[in-house]
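1. Dropping the sequence and predicted coords here.
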Amino acid sequence: MISEMVMAEVMAFMKSRVILTAAELDLFTNLDDRPQTAADIAQKQGLDIRATTRILDSLSSMELLAKTDNIYRVTDKGIFLSAHHPETILPMVLHMTHLWHAWSGLTEVATNGPGKQPDSGLKFSEKEWKSFVSAMHVAAVLRGPETTLHLPPHYGKQ
């Protein structure tokens, strides 16, 4: 049914928000260090145990984590969100958390026009700049080999 498909699209942000929150809390890196329970993670990071459990269970349902006997571990699908992985996409995902906040003002922009709402434009904290620069590195690593295939053979030669 079309209405169900539209509702699935509308609700898709919920999965994104869970992944973004897990990235902000660096849960994938912590679980890459060693599998742990929700209680272990909550205590270590000063988080609410109930909310932490819900986030971890959500990530398990997306197959980014696996849960066995209340112990969570990173899966092959989720490992790219660990800062330790050589092909990590964590910086790009952290940059997306910054964009999440910017896109949250879309209704205000549509209503009042760009630059007319308070705090218009992308403002970067030092942490957000670091995520942005690291995200651009991730993008270059992911796209670099494909891009070089389209360069003429003499490109860059004097």
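-> Looks like it came in fine.

2. Got the confidence number for the most centrally placed residue in the chain?
-> Most central residue of the chain, judged by C-alpha distance to the mean C-alpha position with Cα atoms, centre = their mean, is Val93 at 2.9 Å. In this model, Val93 is scored at 92, pLDDT.

3. One more: His85?
-> Model confidence at His85, expressed as pLDDT, equals 94.

4. What of Val18?
-> On the pLDDT scale, Val18 is placed at 97.

5. give me every residue that touches it.
-> Under the criterion of Cβ atoms under 8 Å, 6 or more residues apart in numbering, the contact list for Val18 reads Ile55, Ser58, Leu59, Met62. To be clear about C-beta, it is placed using only N, CA and C from the backbone, and glycine gets the same treatment.

6. In space, what's closest to Met96 - neighbours in sequence excluded?
-> For Met96, ignoring the flanking residues on the chain, the nearest one in space by Cβ to Cβ, 6 or more residues apart in numbering is Leu20 at 6.2 Å.

7. that older thread, which one of the contacts of Val18 is nearest Asp48?
-> Minimum separation from Asp48 among the contacts of Val18 (Cβ to Cβ) is found for Ile55, which lies at 9.8 Å.

8. Can you give the distance from the host helix or strand of that closest one to the centre of its chain?
-> Take DSSP states H and E as the rule and Ile55 turns out to sit in helix 49-61. The chain centroid and the centroid of helix 49-61 are separated by 16 Å, computed with Cα atoms, centre = their mean, to the nearest Å.

9. With that, I have no additional questions.
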